Structure formats: C-alpha cells, structure tokens
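**Q** sequence and computational prediction follow.
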Amino acid sequence: MPKIHSLIVGIKDLPENLALSWAHLDEQFCVKQMSQAFYQRCQRSAAQIINQPIGHIFTGFNEQLREQIVCRQSPHIGFQLHDQEGNSIHFSLYRECDGWYLLLSDINFTDPQFNELHPDYRRIIQASDSWLQHIEDVIKSPQEDIFKVAVAKAMALTGSRYGFILLHHEKSDSLTLVARSAYPNGICAEGGLPEENTKIASSDCRLWLECVKNYRPIIHNLSDNVGHIINATMDNLLLKEAYLAVPILFRSRIMGLVCVLHRSEPYSHSDARSLLTFANILWHSIELPRSLRAVSRQSKIIKAQKEQLSQSLTQLISAISEALELKDAYTAGHQKSVAQLSYLIGEKLGLSPHRLEGLKIGALVHDIGKLAIPSQILTKPAKLSKEEFALIQTHPQHGAEIVEDVEFPWPIREMILQHHERLDGSGYPAGLTDNEILYEAKIIAVADVADSILSHRPYRPSLGLKKMTEVLRDGKGTLYDPEIVETCLTILVNQEISISDHIGSVVLEPIIEISAEQGLLDIKAVMLKSNIKVAIVLDDSQKMIGLVSQAILEHWISPKMADIIEYDGILLHKKAHHIMQSNIATINEAATLEDARIQLNQSDNEFLIVLNKQQRPIGLIGWRAIAMARSTINEYAHLI
C-alpha cells in the first residue's frame, strides 16, 4: 500500500474549499493541521481543535482505542465511530514518521450505493427498523389471535409469502401447530396440509429435530434440497420452498419455532438474526402477561395470609392480655383500655398504620411482666410496702424477658421495657431520659397513667378526670411528652373514647378476606386456625361479593355429606364463590349501636359486617358485642 504522502503530496497547498476532511495528528493524537472541511465537520472554533486531542472532539476515540491503534503497528487502520448527534463516521488513519494523517467520511446507510454493494442490504435495514413495530402489534393483539398476528408479522418482517409457528410441549414431547398463514389452493402434499391445533410427536417432525440439534436458525435457500423431508405432517408445510426457521428461546429452552418460506431472494444470516430477535421477544411478550397474572394472584394470597397472620397475632396477644387479667382481677380491662387510648393518641399524632398496629399490640401486653409478680401483691387491697413496690417495679424487665426471643415487626420489647421511663430520668427500670425513650413507649406511658387514675383500684375509687388532668399537666415536659399529654387530654376531655356509642369505637369481632377462587378445604383450615367466624369473599377487583360463615362450612363439610364426598370428590374442590352467601348485611362504622340493634331486630341476621369510610369491611358486630359495648359506655359515663 502506498504511503499517505504519496497520496496527499503538498497537502498544505490543496485548495481550502476542497471537500476532503483531513487532519494531521502528532504522536499523542493531537490535531496539528486540518482542512476546511474537517473544521466545518467538527463545528467548533479553531482554538478548540488545534493542539487538542482528537478524543476531545470525538468521544469515541478514547484511551482504550488509542492503545489498540498503537499496538497494532499497522500503516493503515480503519474503524467506525459515532459523533454526538449519532451520525456514523468512518475513520482512516495513516501512520507517518511525524504522527498520523486522519481522513473522515460520513456513512449514510440509506445511500443507494450500499444497495448495489449488498443486494439485500436495504431490506435488512428496513427489517431492523420495523421489527419493534411488529412486536408492538403482536403485544396489542387479542390473546386468542396473538400467534396468528405473530405469523403475519414474521412474514412481513422477512418479505415471505408463507409462515407458521410450532410450539413444543416438554412433558409430552409433542408439537402443536398454533398458527399458520393461508396456503395456495391446489397444494396437496402427501398426508395433506395440517390445520391449526394439529398435534404430533416431536420425533415425527424433521424440521424440529434439525432445529433442536444446535439451537440455531436453519436456512435452506435451494428448493431442491427440501423435498426429501416432506413426508411428515408438519414438514408438509414447507411446500418444497426455500425457508428460514428460527427457534423460540426462553431461559435457555426452546419453546417452539417460527418458520417463514417462499420469497424471491435468498434468506441471509441477517434475516435469521432479525427473525430470531423477533421470535425471542415475541415469547417474552407472551410470557409477561402470564407472569404478571401469576404475580397478582400470588400477591393476593400473600396479602390474605399476612392479614390472617396479623389477626392471629392480635388474637394471641389479646389472649395473653386476658390471661394476665385472670391473675389480676382488679386491673381487668386495663391493658385493652390503654391499647385503645394509645391507638387514638397515635392516630391523632399522625403515626403510620404500620406503627399504629405495633403500638396497639405493644400496649395490649405492656404489663405482661406482672405474670412474674405474686398475685397477693398485685391484688393487695392496701398500700404497698417499699419492698413490695420494688418488686412491682421489676415487671417491665420481666415482660421484656418473656418476649425476648419473639420476633415482631415492631419494637414490642422496647415498649414493654420502657413504658415506665420518664423524660427526666426518674423512671424505671433503666432511668432513661427523653431521646433515649421509644416514642411508642412515651405514648403508652401517658395512656397508662390516664387509665390508672380513671379506674377503680382495690385501695381507692376512681380519681376522675380532674385529677387525671392535674397529674398529666403537672408532669408535662418533665415526666411526659408535652404533645402526647395534650393529645390525650383532648381525646378524654372531649369524651372521644369514653362515652362514644358509634360502632367505630367498639371492639369488633375480626374477619378475614379470601379470594373467590379459594378452595373449600383451604377456607376451612384458615378459619379454624385463626378462630374466625366469617370470611369475606372478594373478586379480582377486590370488590366484596359474598361471605362464608362457619355455619356454611358445617353445611358443606358435615357427617351427612361424608358418604357423598366419599363417592363424589368434586365437593372437596368447591370454591368460595360456589358456597358463599351473596346477600351481605352491612352497616357503616359511623352508625350508632342503636342503629345496629334496630337493623338486627328487623332482619334474621345474627351479625352485621361493619364498613369503613372507604366501604371496606373492617369487622363484624353482633348482639354480644352490642351488649358489651353498652356496658362499657355506661361504666365510663359513670366515671366521668
């Protein structure tokens, strides 16, 4: 190859307006001299080009590329880069004793000359530009037509006249013709042309066997070479034509193949790459909606299980709280009252639903450590001695030890341990100060003091709201958090908790939510495990469509049905929507207990499903709950 100086002898003497984009670079690839065309091509000032590294002008000309050029020791090096506007540029570098000479030329892929150099180049470019549009059309097509649309788009992508798609079933090792194009009339190969949904064994299709041999596309451009395989059902689709077949790959497995055939020009490897990309993205577009539906179903199941676990945990905590009340009859209901008041305080202070749930559970067991205190001290009807009171003061530590190995999604142990700590450090057991005390523990501390003052004790009657207000305000800022104190007083003085007869203030019986597709035995197991009487049935849009009660379950799974179930196992596969009660008696949480009593009187229902402001079920209320709530209201009204 002639050296560059023989080509551009007297390059400085060339006309400036000559449309030749050249530059002289030194050994460090800095620009020392350039033509006017190069200057105009760079669209920068001369000061930004002269003596500057070429990499500052074309970012693709990086350090790694420079090292490769230097290492090659070749007198002529050619390569392609893109400028900042995405235009393709061909770089020709010629090595000289004083550096390099660089020639630039823009590459226009739409230039007709490229079509002359490569007969199918234009078609390949068009295919690469259009296959994304074809994929989009497939994705937007109805589910039942997706393979028919995919065949049509594969034919359009490659300029083919016919095409078909085969899917492989791994368990049965069989193939199904899921879609094919219309074939010309009068074609009658041996065995006839298979129709859609035809199924055969994989071993009977030579095209499939050839495709799975190496997981690569198959190109047959000579029609004479395909006649020998037209002797099986699926192979008849090839019609002795030139064809291109590509595997549908998904997670290193062949899910099937896409085949196109019969066009005027031979198929190329570029056609194969384009169709292979189309086929693989096609399967991902099919699998994605399936995966999303599966994830959605799984999410609903996980949500239901999470709610069931949460309800079970709440019930367990309530049972522990009641066990403590059996030991200390004088403080019966204290933990529940503290939990209710703490929840309302936290709600007004803007705690998140997750933290509120933890606060309620922590308050329900804040005195669990009293299980370790002798009953005679807890129930002593006189003032405690110093030694006895010191023993009582150990109950937070005992409580923390009881739950030490239980993993909660909330800091329950800290709530139990710190609910007697005070801002100034005068509390127990650790003498913590303001910022060292958990915020939820500060709330429980205020609610605990408030309820203790308002409640009867074996050695004194209730001290009333006035005394409670004095105690809390005297300790505001020194013993108790000021904001929590004022929030507590607002709630109690306004009687938001004490004498409210709205259903929303009543402790409701818990319910669970199940999907319409949950099975009979699964529903029974869930309800028995969580000791829930009623399950609300939701459809796919989370709309309430019915309920399943224990009475309904007993009807379907009873001794009388045993013989039927033995011979007709289909009963065991009943779904929630098969057995549910469609008519649901509901009442809003804003309604009063009197409203609930009247509604129950006027119907044959044993309970009502309580709905919140968003019309979501939050629990159920029956005669027993109404009676207990009225008793509680009368007791608080008397205290106030």
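**A** Perfect, thanks for sending it.

**Q** shaky segments in the stretch 501-640 of the chain?
**A** Scanning the stretch 501-640 of the chain for pLDDT under 70 picks out 501-502, 504-505, 558-572, 627-640.

**Q** let's go with 90 and repeat that
**A** The model of the stretch 501-640 of the chain has pLDDT under 90 over residues 501-512, 516-533, 539-543, 549-585, 587-607, 610-640.

**Q** and the helices in it, which stretches?
**A** Counting by DSSP state H, counting those that start in this stretch, the stretch 501-640 of the chain has helices at residues 520-530, 550-556, 562-567, 576-579, 593-601, 623-639.

**Q** what's the average pLDDT for stretch 194-207?
**A** In this model, stretch 194-207 has a mean pLDDT of 86.

**Q** what residues sit buried inside it?
**A** 194, 200, 202, 205-207 (16 or more other Cβ atoms under 10 Å). C-beta coordinates here come from the backbone N, C-alpha and C atoms, glycine included.

**Q** narrow these to those in strands?
**A** Using DSSP state E, the subset of the buried residues of stretch 194-207 located in strands is Ile200.

**Q** between the buried residues of stretch 194-207, which sits nearest Gly431?
**A** The closest of these to Gly431 turns out to be Ser202 (Cβ to Cβ; 77.3 Å).

**Q** just give the closest residue to that closest one, not the sequence neighbours.
**A** Spatially, and ignoring its direct neighbours in sequence, Ser202 is nearest to Asp173 (5.0 Å; Cβ to Cβ, 6 or more residues apart in numbering).

**Q** got the contact list for the one you found?
**A** By Cβ atoms under 8 Å, 6 or more residues apart in numbering, the contact list for Asp173 reads 201-203.

**Q** could you save these as CSV and add columns showing distance to Ala585?
**A** CSV is the format used below for the contacts of Asp173 (distance: Cβ to Cβ, whole Å):
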residue, distance to Ala585
Ala201, 58
Ser202, 58
Ser203, 62
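
**Q** nearest to His24 among the residues you listed?
**A** Closest to His24, out of all of the contacts of Asp173 and judged by Cβ to Cβ, is Ser202, at 64.7 Å.

**Q** can I get the helix or strand hosting Ile416 in CSV, CA atoms only?
**A** Following DSSP states H and E, one finds Ile416 within helix 412-418. Provided in CSV are the C-alpha atoms of helix 412-418 (Å, rounded to 0.1, in the frame of the first residue of the first chain):
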residue,chain,number,x,y,z
ILE,A,412,-42.6,-4.6,71.2
ARG,A,413,-39.9,-5.5,73.7
GLU,A,414,-38.8,-1.8,74.0
MET,A,415,-42.4,-0.7,74.5
ILE,A,416,-42.8,-3.2,77.4
LEU,A,417,-39.4,-2.3,78.9
GLN,A,418,-39.7,1.5,78.7
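
**Q** quick one: list the elements packing against it.
**A** Counting contacts by 3 or more Cβ pairs under 8 Å, 6 or more residues apart in numbering; DSSP states H and E, helix 412-418 packs against helix 353-364, helix 395-402, helix 439-454.

**Q** wait, which of the buried residues of stretch 194-207 is closest to Ser452?
**A** Nearest to Ser452 among the buried residues of stretch 194-207 is Ser202, at 78.0 Å by Cβ to Cβ.

**Q** and that closest one, what does it touch?
**A** For Ser202, the contacting residues are 168, 173-175, 208-209, by Cβ under 8 Å, 6+ apart.

**Q** again, only using 10 Å
**A** By Cβ atoms under 10 Å, 6 or more residues apart in numbering, the contact set of Ser202 is 166, 168-170, 172-175, 208-209, 212, 234.

**Q** and Val406, helix, strand or coil?
**A** Here Val406 is recorded as coil under DSSP: H, G, I helix; E, B strand; the rest coil.

**Q** model confidence for it, exactly?
**A** pLDDT at Val406 comes out at 78.

**Q** over to Val365?
**A** At Val365, pLDDT is 86.

**Q** repeat that for Met34.
**A** At Met34, pLDDT is 86.

**Q** in the sheet, who's paired with it?
**A** On the basis of DSSP bridges, Met34 is bridged to Ala23.

**Q** what's near enough to touch the nearest residue to Gln393 once chain neighbours are set aside?
**A** Distances taken as Cβ to Cβ, 6+ apart place Tyr428 nearest to Gln393, at 5.0 Å, with adjacent residues excluded. Applying Cβ under 10 Å, 6+ apart, one finds that Tyr428 lies in contact with 390, 392-397, 418, 420-422.

**Q** can you list these in a markdown table and add distance to Val406, neighbour count and pLDDT?
**A** Formatted as a markdown table, these follow (distance: Cβ to Cβ, whole Å; neighbours: other Cβ atoms under 10 Å; pLDDT from 0 to 100):
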| residue | distance to Val406 | neighbour count | pLDDT |
| --- | --- | --- | --- |
| Ala390 | 27 | 11 | 88 |
| Ile392 | 24 | 17 | 87 |
| Gln393 | 23 | 14 | 90 |
| Thr394 | 20 | 15 | 92 |
| His395 | 17 | 23 | 91 |
| Pro396 | 16 | 25 | 93 |
| Gln397 | 16 | 16 | 93 |
| Gln418 | 17 | 27 | 96 |
| His420 | 21 | 22 | 95 |
| Glu421 | 21 | 26 | 95 |
| Arg422 | 27 | 20 | 95 |
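
**Q** is it true that Gly475 touches Val485?
**A** Yes: between Gly475 and Val485 there is a contact under Cβ atoms under 10 Å: 7.6 Å.

**Q** shared neighbours, those two?
**A** Listed as contacting both Gly475 and Val485 by Cβ under 10 Å, 6+ apart are 446, 449.

**Q** of the two, which one has the most company?
**A** Val485 (24 against 20; other Cβ atoms under 10 Å).

**Q** regarding the more buried one, what is its secondary structure?
**A** helix.

**Q** any idea how far His577 is from it?
**A** For Val485, the distance to His577 (Cβ to Cβ, to the nearest Å) stands at 51 Å.

**Q** likewise for Ser21?
**A** Going from Ser21 to His577 by Cβ to Cβ gives 74 Å.

**Q** bridged to Ile77, which residues?
**A** Beta bridges link Ile77 to Leu93, judged by DSSP bridges.

**Q** ok, it - contacts?
**A** Taking Cβ under 10 Å, 6+ apart as the contact definition, Ile77 lies against 65, 68-69, 91-95, 100.

**Q** can you give me the end-to-end span of stretch 365-373?
**A** Using Cα to Cα, to the nearest Å, the end-to-end distance of stretch 365-373 comes to 15 Å.
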